[in-house]
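Student: missing the sequence, but the structure's below:
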C-alpha cells in the first residue's frame, strides 16, 4: 500500500497518523506546499495579540517529530500540481528548487483546505491589507503591528476570525472598525442573539458598520482609505480581510473529480470521492448536515480531524462513516463566549423545516454564590415532537459546557423533554440545582404542552397595538434603571392579581418581564382569570437584542422605542 496525503494541518496530519497506526508496513508520503504540517490555526489571532507569547507554541508538531514518531515521508514546500488518475501518478513541484517530478500511488487522501475570499476590489493588493490563513500570514501581520504601531484598523467581515482579530488588535491598542455586509456579525447566530454581541463590541470600543460592503481601498498619506458601498469613508493604518473562505478545489477539479453545488469536493459518507482510490477531507469537501441531510460546508477543525481519521480507516480497509456535521462552534469575543450548535432559525426557515424557538436567560451558577453571570440561550426544536434542532448561547461563564451538552443531545436524537430530565453536575460554584439546560427544556416543553402561549420578538412588528396591550411585569426600579417598551402598561407581577379588574377582557395582552419567568407566571394568572394573553419569550433582554431589526421592520410604529 502506497498512500499519498496531499495537505497537512487538521485533516491531513490526522489521516497520516491514523493510517500509520493501522498499517505499520504501508508507504505513507505527506506532501505539504507550506513549511508547516500541523499548526494551531485557531490560535493565530492570539499570537498577534500577544496573548500567546511564543510562536513555537502554535506548532502542534514539527516535521522531524512527526516523521520520527510515525515513520512517514514528509515533504514540505512540495505542491502537487496535477493528478494523473489513469496512470495513478501525481506531479509534484518542489517550491524551493522549481523542479517537478512524478510519484505513483495506490490511494490518495486530499486535504487542500480552503482559501480566503479575496474579491477583485480596487486597491486590494496594497501592502497593508492582510489575510490570515497560516503562520506566514500571521508573521506578516504581527511584524506590521510590532514595527508600525498602527493606531487604527479595519476588519472586513464579522465572522470568527474577524471578531477574534478585533479583540486582539484592541488588546494591542489599535482602534478597530468591523465592516460587515450582513446586518449582523457572526453569521452562525440569528440576529437577536448577534444583537447582544453588537452591544458588547460597542462597549469595548469596536465600531461595527453593518449592512455595508467594501467598494475599494486607496493609499493615502496617513495610511488607507476604505470606501464602502454606501459611500462611507473609513481611514485606517491597516486592514484585515476576513470575508470568508472558499474550498480549494482546483486540483480535484482538474483531475476530473466530482465537484458539488457549493464548490466543494463531493464525497460519500466514507470520505471517498468520485474516484474509488481518492478520498478527501476537511474544508475542501462537501458533507451533509447531521439534522437535515442536506449538503453543507463545515470549515471547522473538529470535523476535519474526524474526517481525516475516517478516511484513513477506509483506505486501510476499515468501514467507518462520517454521519454529518452539526457545525458546533465556540468563540471568545472579549468578555463573552459565543457558541452555537445545530441549525439556526435562518437555516430552518430557508429549508422549510418546522420549528419553535424559545429563549431563556439563566445564571451560570447558583445566584447566591459570588460571580454568577447571565447566560442567554436560544433553543430551537420541533413543534410536534420536541426533537432538538439547534441552540445558540452567549454569556461569560459556562457557555462551552452547556453547548456541548446540547450538541450531545442532538446527536442522541433527544427532545426538550429529555433536557428537562437530564441530571447534570451541580454545586453552587458551577451550576444551579436546575441547570440552564434544564431551564431551556422546561420552557420549550411548556410551549409544546400548551402551558403557555408565547410570542417571539420576530412577531412583535405585526401586532395590532389597538387590540394587543403590552404589560411590563417588572418592578419600578428595574424600569428606572433599564428602560421599558414605550406604550406598555406597568403592573408589577406581585400586584397583578389584585389589579386584573382594571383590565379589559375584550383586549389581548402581551406580558413581559426581564427574562421571561415572570411573564410566564403572569400568563398563568391572567388566563385563569379569563384573559387572552401571550408571554414575550426571553422578555425584555431578548427584545433589546432584536430592537433595531424590529424598528426597521415597523418604522412607523412608535411603540418600538425604548423609553
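Tutor: Looks like it arrived, so ask away. On a predicted model such as this, the values are computed, not experimentally measured, just so you know. Numbers count the residues shown, from 1 in each chain.
Student: which residues touch residue 257?
Tutor: Residue 257 makes contacts with 265-266, 273-275, 278, 280, as judged by CB atoms under 8 Å, 6 or more residues apart in numbering. In short, each C-beta sits where N, CA and C put it, glycine included.
Student: also residue 299?
Tutor: 114, 245, 283.
Student: need the pLDDT of the first one.
Tutor: Right, the one you point to is residue 114. Among the per-residue scores, residue 114 shows a pLDDT of 88.
Student: same check on the one 5 residues further on?
Tutor: On pLDDT, residue 119 comes in at 90.
Student: residue 240 and residue 92: what is the separation?
Tutor: 32 Å (CB to CB, to the nearest Å).
Student: between the two, which is the more surrounded one?
Tutor: Counting neighbours by other CB atoms under 10 Å for residue 240 and for residue 92 shows that residue 240 has the greater number, 25 against 22.
Student: surely that one meets residue 150?
Tutor: No. Judged on CB atoms under 8 Å, residue 240 makes no contact with residue 150 at a distance of 10.8 Å.
Student: returning to that earlier point: and the contacts of residue 299 as CSV, adding distance to residue 438 and secondary structure?
Tutor: Output for the contacts of residue 299, formatted as CSV (distance: CB to CB, whole Å; DSSP: H, G, I helix; E, B strand; the rest coil):
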residue, distance to residue 438, secondary structure
114, 38, strand
245, 37, strand
283, 36, helix
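Student: closest one of the residues you listed to residue 193?
Tutor: residue 245 (22.8 Å; CB to CB).
Student: count the residues that sit near the closest one.
Tutor: 19.
Student: what does residue 83 show for phi and psi?
Tutor: phi -120, psi 120 (degrees, to the nearest 10).
Student: now residue 167
Tutor: Per-residue torsions, residue 167: phi -60, psi -50 (degrees, to the nearest 10).
Student: how about residue 154?
Tutor: Dihedral angles of residue 154 (phi, psi; degrees, to the nearest 10) stand at phi -110, psi 130.
Student: residue 236 is in contact with that one, correct?
Tutor: Yes. Counting by CB under 8 Å, residue 154 does reach residue 236; the two are 4.5 Å apart.
Student: hey, what's in contact with both of those two?
Tutor: 177, 224, 226.
Student: going by distance to residue 191, which of those wins?
Tutor: Checking the shared contacts of residue 154 and residue 236 against residue 191 by CB to CB gives residue 177 as the nearest, at 20.5 Å.
Student: for residue 249, see how far away the closest residue to the closest one other than its chain neighbours is.
Tutor: Closest residue in space to residue 177, ignoring its immediate chain neighbours: residue 207 at 4.5 Å, by CB to CB, 6 or more residues apart in numbering. Using CB to CB, we find residue 207 at a distance of 36 Å from residue 249.
Student: okay, residue 486 and residue 463: tell me how far apart.
Tutor: Computed as CB to CB, the residue 486 to residue 463 distance reads 14 Å.
Student: same question but for residue 52, I mixed them up
Tutor: 50 Å.
Student: run through this structure and note the low-pLDDT ranges.
Tutor: Low-confidence segments of the chain (pLDDT under 70): 549-563.
Student: what about 80?
Tutor: 40, 547-563 (pLDDT under 80).
Student: quick check, residue 33 in contact with residue 77.
Tutor: Yes. Look at residue 33 against residue 77 with CB under 8 Å: they come within range, at 6.7 Å.
Student: those two - which one has more neighbours?
Tutor: residue 33 (18 against 14).
Student: which parts of the stretch 251-400 of the chain are strands?
Tutor: 265-266, 278-280, 285-288, 295-296, 329-333, 336-342, 356-363, 374-381, 388-395 (DSSP state E, counting those that start in this stretch).
Student: tabulate these in a markdown table, adding columns for distance to residue 173 and mean neighbour count.
Tutor: A markdown table is the format used below for the strands of the stretch 251-400 of the chain (distance: least, CB to CB, whole Å; neighbours: other CB atoms under 10 Å):
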| stretch | distance to residue 173 | mean neighbour count |
| --- | --- | --- |
| strand 265-266 | 42 | 24 |
| strand 278-280 | 43 | 29 |
| strand 285-288 | 40 | 23 |
| strand 295-296 | 39 | 16 |
| strand 329-333 | 18 | 18 |
| strand 336-342 | 21 | 25 |
| strand 356-363 | 33 | 24 |
| strand 374-381 | 30 | 24 |
| strand 388-395 | 26 | 27 |
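Student: what number of residues lie near residue 413?
Tutor: 11.
Student: that one: which element?
Tutor: Assessed by DSSP states H and E, residue 413 sits outside every helix and strand.
Student: how about it, phi and psi?
Tutor: According to degrees, to the nearest 10, residue 413 has phi 60, psi 40.
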